[in-house]
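Asker: Please work out how this folds:
(one chain, ligands or ions: 1)
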Amino acid sequence: MNAILQPHQHFNKVDFKPKDYKDEKTPSFWCAGCGHYGVLTGLLRALAELGVDPNHLVSVSGIGCSSRLPYFVNSYKMHTLHGRAGPVATGVHLARPDLAVVVSGGDGDGFSIGGGHVAHAIRRNIDITYIVMDNQIYGLTKGQLSPTSPRGLKTVTSLYGSFEDPINPLMYVLSYGAPFVAQGTPADLPGLAAMIEEGIRYPGFAFINIQSPCVTYGEEEAQIKAQRERMKTLDSVGHDPKNRLKALDLAQSYGTELYTGVFFRDPKPPPTFESQALQRQKELSATARPRERILDLFLQA
Ligand code: SF4
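Answerer: You can find the predicted model right below:
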């Protein structure tokens with residue numbers, strides 16, 4: 001494999017503390033007590049454990065409260081279009097497969113307007129880490145139903161209670177074949193930091209669903225205190241993360257149980273899109289026309 005295909009070569013390059021990965025901008029935009037502060041802390045801790053050089057780190061996001069995350073991380077950053085963080089991150093990683101790329105966004109960004117893109121990032125197995133800060137509500141636009149809102153939820157757009165079933169993000173990504181799938185919460189920061197670190201280290205598409213409460217528009221049962229009482233590690237139920245079918249079975253309880261940890265980790269990571277594209281490029285380059293003769297193909301046709 002081409003040496004350029006190793007984002008991991010930029011790990012253990014710096015001896016930074018989590019605070020060294022903080023951007024000078026502070027997340028004052030977020031409401032006091034928002035779960036996203038915990039997600040940011042978890043990410044900063046994970047980056048410090050990785051020792052990744054910020055010059056080789058790219059944070060990409062869509063639109064929403066959670067999509068402000070890259071602003072606060074010492075890295076290159078792209079705050080893109082609603083639901084389009086995945087395609088942008090795909091382009092970044094194809095152009096520079098040696099960089100570590102972390103994508104973040106909310107449940108609406110990922111599974112409503114961006115829902116169609118997630119499946120394609122998974123089937124291509126782009127080597128990025130996708131963090132969804134799932135709070136079951138649209139916070140930025142002041143509390144409308146999101147694709148993961150539970151049935152019966154009363155919001156400004158569902159005054160009498162929603163009669164739609166939520167999308168299950170865990171089953172969605174598992175059934176499309178994501179090779180690394182985990183779920184965490186800021187109610188368990190050490191566990192959250194460890195799974196983000198593992199996701200970034202994983203050589204392929206890594207999906208991390210984080211139950212990150214919205215204190216302003218979210219439900220009582222979704223808040224940190226309630227999560228501490230409900231959460232259950234997958235280790236405690238004897239789950240083997242090599243077993244995708246068992247992972248799918250456990251993922252069915254999304255919305256009722258709060259399992260934390262790694263649902264699935266493919267022990268034989270499939271080839272990434274980037275590695276195959278570069279391999280093809282290498283194979284074809286031997287017989288490729290010089291760039292200035294490329295239009296000849298069309299002239300001959
Ligand atoms: Fe967080 Fe909700 Fe406030 Fe947005 S509206 S910053 S999600 S608490």
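Asker: if I pick the residue in the stretch 151-300 of the chain that the ligand sits nearest to, what's in contact with it?
Answerer: Closest approach between the stretch 151-300 of the chain and the ligand, counting by C-beta to the nearest ligand atom: Cys214, at 3.2 Å. Backbone N, C-alpha and C define where each C-beta goes, glycine included. Contact partners of Cys214, counting by C-beta atoms under 8 Å, 6 or more residues apart in numbering, are 31, 34-35, 65, 135-137, 139, 222.
Asker: rerun that using 7 Å as the cut-off
Answerer: By C-beta atoms under 7 Å, 6 or more residues apart in numbering, the residues touching Cys214 are 34, 135, 137, 139.
Asker: Most neighbours among those, which one?
Answerer: Asn135 (30 neighbours; other C-beta atoms under 10 Å).
Asker: in this structure, which spans are helices?
Answerer: Residue ranges of the helices in the chain, as given by DSSP state H, are 35-50, 85-95, 107-108, 115-124, 169-175, 189-201, 224-230, 244-251, 273-285, 296-300.
Asker: can you list these in TSV and add distance to Lys22 and mean pLDDT?
Answerer: Converted to TSV, the helices of the chain look like this (distance: least, C-beta to C-beta, whole Å; pLDDT from 0 to 100):
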stretch	distance to Lys22	mean pLDDT
helix 35-50	6	98
helix 85-95	21	96
helix 107-108	25	97
helix 115-124	28	96
helix 169-175	28	98
helix 189-201	14	98
helix 224-230	22	96
helix 244-251	33	98
helix 273-285	29	92
helix 296-300	51	79
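Asker: Out of these, which is closest to Ser149?
Answerer: helix 107-108 (8.5 Å; C-beta to C-beta).
Asker: Could you check how far the closest one is from the centre of its chain?
Answerer: 12 Å (C-alpha atoms, centre = their mean, to the nearest Å).
Asker: Name the residues that touch it?
Answerer: Counting by C-beta under 7 Å, 6+ apart, 64, 132, 134-136, 138, 146-148, 169 sit against helix 107-108.
Asker: For the ligand, tell me which of these show up nearby.
Answerer: Asn135 (C-beta under 6 Å from any ligand atom).
Asker: Please give me every residue in contact with the closest residue to Met171 other than its chain neighbours.
Answerer: What sits nearest to Met171 in space, not counting adjacent residues and going by C-beta to C-beta, 6 or more residues apart in numbering, is Ala251, at 4.8 Å. Applying C-beta under 7 Å, 6+ apart to Ala251 gives the contacts 168, 170-171, 174, 263.
Asker: can you list the residues of the protein near the ligand?
Answerer: 30-31, 34, 36, 65, 135, 139-140, 214-217.
Asker: so Pro166 makes contact with Pro150?
Answerer: Yes. With contacts counted by C-beta atoms under 7 Å, Pro166 reaches Pro150, the gap being 5.8 Å.
Asker: ok, those two, which is more surrounded?
Answerer: Between Pro166 and Pro150, counted using other C-beta under 10 Å, the more crowded position is Pro166 (20 against 17).
Asker: Now do that one against Lys232, distance only.
Answerer: 20 Å (C-beta to C-beta, to the nearest Å).
Asker: try Lys22
Answerer: Taking C-beta to C-beta, one finds Lys22 at 32 Å from Lys232.
Asker: nearest spatial neighbour of Gly161, skipping sequence neighbours?
Answerer: Nearest to Gly161 is Gly152, by C-beta to C-beta, 6+ apart, at 4.6 Å.
Asker: what's the answer for Ala222, then?
Answerer: Pro213 is the one closest to Ala222 (C-beta to C-beta, 6+ apart), at 4.8 Å.
Asker: so what's the one you found up against?
Answerer: For Pro213, the contact set (C-beta under 7 Å, 6+ apart) comprises 35, 135, 222-224.
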